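Undergrad: just need the structure, nothing else, for what follows:
(one chain, ligands or ions: 1)
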Amino acid sequence: MSFFQHLKASAASEWRDYIHHPFTDAMADGSLPQAAFRHYLVQDYLFLIEFARAYALAVYKSHDLADMRDAAAGMSAILDVEMKLHVTLCASWGLTPAELEQSQAAPETLAYTRYVLDTGMRGDLLALHVALAPCIIGYAEVGKRLAAIASEPANPYSVWIDEYAGSAYQDLASKASARLENLHARYATPARDMELVRIFRDATRLETSFWEMGWRASQVQ
Ligand SMILES: Cc1ncc(CO)c(N)n1
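TA: The predicted model follows:
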């Protein structure tokens, strides 16, 4: 069993809640109110700023050039690619990048981003990448799942779904999986297993609470 499969199996119910959240199903069938999606996406923009910072921390925590380049590429993938999706979608609602950046972070956004940064600050590169894994590998799973069930044609969320189901993002997630296995082989010890599983489970729960935040916004319409 790969390390990632082990993490998923050790947090099976948390992982299922995250990947199959009602917020994502409502994107797939197009029933999610746009205001809820907007709320989510603005928070996600703030989230990505801090996740880019977490990859910068991974550069700092790296022991060799290969890991540094790898982390730098992860940072660029967020700053130069993924955030463009948010900027484009938000522009269609009249929101500028400056307005996005000045939005107030929700408690869920603060909790998740602080958790990952704190895990990286006090831990090593492996702990940090375990904290980052639900984000990148999870969204690739969600993207693929939604692309398979999304209502056609003219789903209002197809741009989002296509981004995460698309080959560029899928490729990024495969690289993240390979990186995780490699770091595990180099830095894991049996005594660390509980610590690493806990980090993975906590980060997965924080992903679910991020969907919950968007989902709650859809319930108050
Ligand atoms: C909350 C969250 N998790 C994961 C991703 C994927 O990068 C994202 N954009 N937002």
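Undergrad: so where's the chain uncertain?
TA: 220-221 (pLDDT under 70).
Undergrad: near the ligand, which residues of it?
TA: Contact residues of the chain with respect to the ligand, defined by CB under 6 Å from any ligand atom, are listed as 44, 47-48, 82, 135-136, 139, 207, 210. No exception for glycine: its C-beta is placed from N, CA and C like everyone else's.
Undergrad: what residues does stretch 213-221 touch?
TA: Stretch 213-221 is touched from outside by 21-23, 26, 32-33, 35-37, 39-40, 43, 106, 108-109, with contacts defined as CB atoms under 8 Å, 6 or more residues apart in numbering.
Undergrad: cool, and stretch 195-202?
TA: Contacts to stretch 195-202, defined as CB under 8 Å, 6+ apart, come from residues 6-7, 10-11, 14, 115, 119, 123, 126-127, 130-131, 133-134, 188.
Undergrad: narrow these to those in helices?
TA: When DSSP state H is applied, the contacts of stretch 195-202 are split such that 6-7, 10, 14, 115, 119, 126-127, 130-131, 133-134 fall in helices.
Undergrad: please pick the buried ones from the contacts of stretch 213-221.
TA: Among these, the ones that count as buried by 16 or more other CB atoms under 10 Å are 21, 23, 26, 32, 36-37, 39-40, 43, 106, 108-109.
Undergrad: run through the residues that contact the most centrally placed residue in the chain.
TA: The residue lying closest to the centre of the chain (CA atoms, centre = their mean) is Cys135, at 2.5 Å. If you count contacts by CB under 8 Å, 6+ apart, Cys135 has them with 51, 116, 203, 207.
Undergrad: that one and Leu95, how far apart?
TA: Distance, Cys135 to Leu95, using CB to CB, to the nearest Å: 23 Å.
Undergrad: can you give me the helices in the chain?
TA: Under the criterion DSSP H, the chain carries helices at the ranges 3-10, 12-19, 22-28, 34-61, 65-76, 83-91, 97-101, 107-122, 125-149, 158-165, 167-187, 193-219.
Undergrad: highest mean neighbour count out of those helices?
TA: Across the helices of the chain, the average number of neighbours (mean count of other CB atoms under 10 Å) peaks for helix 125-149, which reaches a mean of 21.
Undergrad: starting at the chain centroid, how far to that helix?
TA: On the basis of CA atoms, centre = their mean, to the nearest Å, the separation between the geometric centre of helix 125-149 and that of its chain is 6 Å.
Undergrad: helix 34-61 and that one, what's the angle between them?
TA: 150 degrees (axes from the mean of the first three to the mean of the last three CA atoms, to 10 degrees).
Undergrad: so helix 125-149 versus helix 167-187, what angle?
TA: Using the same axes, to 10 degrees, the interaxial angle of helix 125-149 with respect to helix 167-187 works out to 150 degrees.
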